[in-house]
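# The amino acid sequence is not available; the structure is as follows:
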């Protein structure tokens, strides 16, 4: 692929010259606004795909980390959960406690991340504009990830035999 940049003489219109060149065989001509649109469009599309992929990877990694943390915290309290079941606590209450722990972990993580990003943004060479709607969507995404990540720990906690509290 070859490209030729043409400088127009006074009195010639870019669209007229481009139309004339387009009549040649196997040649395409673009005006400056058309070329800028192509370049910017591809740059933005590529950047959007890269950011999207980064966000997907980040979501999977963060969900895994939250799941491991909540699972570990739940397994550390397995005897207490067995005691709760022994005294008649409903499974729904136990599940709510574990989910509440996961949501609090997510809220703390989001707040720390948002504060850090706000103060660290000027230190980076490229600034990414984060509008309030993006922050709100991100907050709910974090909450959703934390709720999903807590399901494994909830499942394990609900399988606990109340007899384990005695033994």
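Here it is on my side, so go on. Every value quoted in this text rests on a predicted model; they were computed, and no experiment measured them.

# any idea how far residue 51 is from residue 81?
41 Å (C-beta to C-beta, to the nearest Å). Any C-beta I mention is one placed from the backbone N, CA and C, and that applies to glycine too.

# Could you do residue 32 as well?
For residue 32, the distance to residue 81 equals 68 Å [C-beta to C-beta].

# between these two, which one's more packed in?
residue 81 (22 against 10; other C-beta atoms under 10 Å).

# quick one: buried residues of the host helix or strand of the more buried one?
In this structure, residue 81 sits in helix 78-86 according to DSSP states H and E. Across helix 78-86, burial judged by 16 or more other C-beta atoms under 10 Å covers 81, 82, 83, 84, 85.

# same check, this time on stretch 91-100
For stretch 91-100, by 16+ other C-beta under 10 Å, it's 94, 95, 97, 98, 99.

# so where's this protein shaky on pLDDT?
1-3, 128, 167 (pLDDT under 70).

# Select the longest helix from it.
Counting residues, the longest helix in the chain under DSSP state H turns out to be helix 32-76.

# Please tell me how far stretch 67-81 is from the chain's geometric centre.
Distance of stretch 67-81 from its chain centroid, counting by C-alpha atoms, centre = their mean, to the nearest Å, is 26 Å.

# Can you report how many residues lie near residue 50?
Residue 50: 10 neighbours (other C-beta under 10 Å).

# Kindly report the same for residue 143.
Residue 143, neighbours per other C-beta under 10 Å, totals 15.

# Point to the residue nearest the middle of the chain.
In the chain, the C-alpha nearest the mean C-alpha coordinate belongs to residue 55, at 3.3 Å (C-alpha atoms, centre = their mean).

# That one and residue 109: what is the separation?
Residue 55 is 15 Å from residue 109, by C-beta to C-beta.
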